[in-house]
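> sequence and predicted structure are below.
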Amino acid sequence: MSITDPTTWALDREIVLVRVLDASREAVFTAWTDADAFCQWFGPDGFTCTVREMDVRPGGRARFDMVSGDGTVFTNRFDYLEVVPAERLVLDHGSDTDDDPARFRVTVVLDEQADGKTVLTLRQLHPTAEQRDTKIGFGAVELGLQTLQKLAHHLGEA
């Protein structure tokens, strides 16, 4: 199965995280798409981030390193498939290699609430149920929630 075929979406391959943010959709979108802003929050607790390239457009690419507290460097790459300002990002995320078998599809949807807050829904679609389960076993849900907490803090939430 290909992660690029939308007919292959399956719940047993997904991780879904949702967070209500006290910020406008525009501010949340900027946090995802501005290299300086992105590195102020992206990654779980104890990680830092350095962007090497960020070209946010369909067909564009972001390349960045996440560095753990012990100095381990994890190369990352986003290949952007869809970009709708202040509404939606669709990208493939994996290591910064062309043949990463663990690359997965990420869909970020920003929904505005009447009170000016934004509901961020982040969906990860993994190539197989086994790869999804491995990521969950590694701590993907908790690490993802830590990352969204850092985003909330970046956006001014206490």
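All right, it came through fine.
> please make it C-alpha for all contacts and neighbour counts, starting now.
Fine.
> surely residue 15 is within a helix?
No: with the criterion set as DSSP: H, G, I helix; E, B strand; the rest coil, the secondary structure at residue 15 is strand rather than a helix.
> so which strand or helix has the residue nearest to it when sequence neighbours are not counted?
The shortest distance from residue 15 to any non-neighbouring residue, by CA to CA, 6 or more residues apart in numbering, is to residue 124 (5.1 Å). Mapping residue 124 onto the secondary structure by DSSP states H and E places it in strand 118-125.
> which helix or strand lies directly C-terminal to that strand?
helix 129-138.
> what is the rounded mean pLDDT of the top helix by length along the chain?
Criterion DSSP state H: the longest helix present in the chain is helix 140-154. Here helix 140-154 scores 96 as its mean pLDDT.
> and the angle from it to helix 129-138?
Angle of helix 140-154 versus helix 129-138, following axes from the mean of the first three to the mean of the last three CA atoms, to 10 degrees, is 60 degrees.
> now do the buried residues in helix 140-154.
By 16 or more other CA atoms under 10 Å, the buried positions in helix 140-154 come out as 140, 144-152, 154.
> biggest separation within these, which pair?
Taking every pair in the buried residues of helix 140-154 and measuring CA to CA, the maximum separation is 20.6 Å, between 140 and 154.
> separation between residue 144 and residue 155?
Counting by CA to CA, to the nearest Å, the gap from residue 144 to residue 155 is 17 Å.
> hang on, I meant residue 63
In this structure, residue 63 and residue 155 are separated by 23 Å, where distance is defined by CA to CA.
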